[in-house]
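In: need a 3D model of the sequence below.
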Amino acid sequence: MSKAQKGDTVKVHYVGKLKNGEVFDSSYDREPLEFTIGGGQLIKGFDNAVEGMEEGEKKTVTIPADEAYGPYREDMIIEVGKENLPEGLEPQVNQQLYMEDAQGQTLIVTVTEVLENSIKLDANHPLAGKDLVFDIELISIV
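Out: Next comes the predicted model:
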């Protein structure tokens, strides 16, 4: 049986969990995830975990934050004046908003604090700084 290798397009099912067992994502309620190993589409640790698997194989891997969404960075907390918000927006703590960075890329940010004249936003990925556990099943090498 052949093993998945860099450059192969594969289909996998997975369950992503935090180290405390809390599930943050699963593909089992939808189509398997299809991607090319080494194609830069997924976090490095997930890509590396699938490489070398055989069709039908299942495994559990722990991916350190550095190979997932990186460390949590305090410099990704920004304060924005309310005058810069879209008209009619009433920001709430934990609300997710979209904003553009200096390169024109869209970022998802989370409101962490609502002040009188500004709001604080966290531009870190919600899973930044966390080690992740994935149960992975290689469905097929396409």
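
In: C-alpha only now, for contacts and for neighbours.
Out: Fine.

In: per-domain residue ranges of this structure.
Out: Domain assignment of the chain by automatic domain parsing yields the ranges 9-70+127-141, 74-122.

In: tell me the contacts of the residue nearest to Tyr69 when sequence neighbours are not counted?
Out: In this structure, Tyr69 finds its nearest non-sequential neighbour in Ala128, 4.8 Å apart by C-alpha to C-alpha, 6 or more residues apart in numbering. For Ala128, the contact set (C-alpha atoms under 8 Å, 6 or more residues apart in numbering) comprises Ala65, Ala68, Tyr69, Gly70, Pro71, Tyr72.

In: that's a helix at Ala128, yeah?
Out: No: applying DSSP: H, G, I helix; E, B strand; the rest coil, one finds Ala128 to be coil, outside a helix.

In: adjacent strands (with direction) for the helix-or-strand element of the chain with minimal mean pLDDT?
Out: Using mean pLDDT, DSSP states H and E, strand 96-100 stands out as the lowest-scoring helix or strand of the chain, at a mean of 90. Using DSSP bridges, the strands paired with strand 96-100 are strand 106-114 (antiparallel).

In: buried stuff in the partner strand?
Out: Neighbour counts over strand 106-114 (16 or more other C-alpha atoms under 10 Å) mark Val109, Thr110, Val111, Thr112, Val114 as buried.

In: with stretch 10-23 instead?
Out: Buried residues in stretch 10-23 (16+ other C-alpha under 10 Å): Val10, Lys11, Val12, His13, Tyr14, Val15, Gly16, Lys17, Leu18.
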